[in-house]
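K.L.:
below are the sequence and a predicted model for it; my questions follow.
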Amino acid sequence: MTLPFEVGVVVRDLELMERFYCDVLGCRTERRTRVPESVGGPAGLGGELVVVWLKVPAGGRVKLILPRSAPVAAPVAARVAASPAGRPGLSYLTFHFDDMSPLVAALPAAGARPLSDPVVVRAHGRRISFWADPEGNVVELVDAQAGDPDRGIVIREAVQ
């Protein structure tokens, strides 16, 4: 491989999702490209689309992909109802932080929804938290603050 790993996320509201991944999770927009039908069709992407490359601070990229015709998707609640590990295929994106506490506090106002109760769980010397982004894609947050005070977040120790 010659470049960091990239993952593509098909979205319905490009501006909303770009704000979420940049303003909330800390990614940075690198570039935006319109892919014409003449490329997107033969490449197997279904036709014309807009792609926004977001740089993940620790490396790698998330590509937000907006097809010319809005993608057909199940309602958000239906897409995240099953546990992420209970669905085949790509289930979630994992982001690592020094301290997820400020992020966990900010996520609800950004349109994200926690997928567990409690919101944060300690496991193997780390804290983990699963969320649905504003369009229902699942993101996992991980930090190494398991030994620190809870900082106001509800945490439960995971069964080892």
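P.N.:
Yep, that arrived.
K.L.:
under the pLDDT cut-off, which ranges of this protein? List them.
P.N.:
Applying pLDDT under 70 to the chain flags residues 70-88, 147-160.
K.L.:
helix, strand or coil for the residue lying farthest from the centre of the chain?
P.N.:
Using C-alpha atoms, centre = their mean, the residue of the chain lying farthest from its centre is residue 38. It sits 29.5 Å away. Each residue gets one of three states, and residue 38 gets helix by DSSP: H, G, I helix; E, B strand; the rest coil.
K.L.:
now swap in the one 4 residues further on and tell me
P.N.:
Of the three states, residue 42 takes coil according to three-state DSSP.
K.L.:
give me the neighbour count for it.
P.N.:
Residue 42 has 8 neighbouring residues, counting by other C-beta atoms under 10 Å. Every residue, glycine included, has its C-beta placed from N, CA and C.
K.L.:
just read off the phi/psi values of it.
P.N.:
Here is the backbone geometry of residue 42 (degrees, to the nearest 10): phi -60, psi -30.
K.L.:
next up, the contacts around the residue farthest from the centre of the chain.
P.N.:
For residue 38, no residue counts as a contact, taking C-beta atoms under 8 Å, 6 or more residues apart in numbering as the criterion.
K.L.:
distance of the spatially most central residue of the chain from residue 119?
P.N.:
Closest to where the C-alpha atoms of the chain average out (C-alpha atoms, centre = their mean) is residue 139, at 4.1 Å. The gap separating residue 139 from residue 119 is 13 Å, by C-beta to C-beta, to the nearest Å.
K.L.:
sec struct for residue 22, please.
P.N.:
Per three-state DSSP, residue 22 ends up helix.
K.L.:
please report how far it lies from residue 139.
P.N.:
Between residue 22 and residue 139 the computed distance is 14 Å (C-beta to C-beta).
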